[in-house]
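Colleague: Everything below, folded, please.
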Amino acid sequence: MTKEEDDDRRSTPRAPIEDTLFIESVSSSQISIIEPVTASTVNASYSGLQVELDFAVLERAEIALWINGSDNQNRTLISGLVRWVRPTERDTYLVGIELDQESAPAIKQWLDNIY
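Modeller: Numbers count the residues shown, from 1 in each chain. Next comes the predicted model:
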């Protein structure tokens, strides 16, 4: 899928956000997370995230991430489905994640606290 096709599929606009998220799990036989792993956000919306990872994940893998609370003390777990993965020139991977509906209140609060 091209970037233009990704843009056309978006149901809500994305805002550029730089934050560090912690990956709780990825349901994929390709990798097994044992130690805490971080992801850097590129942009986010109420329905999805784009993150940068140091490793590739499979499309359609389920992924769970911790986002920081407004006080940077508490974390909230959000989850979704990996929709696409693209390698970068820096030997990292951009990953598009479509969030589950259950994550909508948490991501909305997170975004509202940032803006």
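Colleague: need the longest strand for the protein.
Modeller: Using DSSP state E to define each element, the chain has its longest strand at strand 75-87.
Colleague: List the pairing partners of that strand within its sheet, with orientation.
Modeller: According to DSSP bridges, strand 75-87 forms sheet pairs with strand 62-68 (antiparallel), strand 93-99 (antiparallel).
Colleague: quick one: residue 77 from residue 59, how far?
Modeller: Going from residue 77 to residue 59 by C-beta to C-beta, to the nearest Å gives 22 Å. Using the backbone N, CA and C atoms, a C-beta is placed for each residue, glycine as well.
Colleague: Name whatever forms a beta bridge with residue 41.
Modeller: Beta-bridge partners recorded for residue 41 (DSSP bridges): residue 51.
Colleague: contacting residues for it?
Modeller: Each residue near residue 41 by C-beta atoms under 8 Å, 6 or more residues apart in numbering is listed here: 17, 18, 19, 20, 21, 49, 50, 51, 52.
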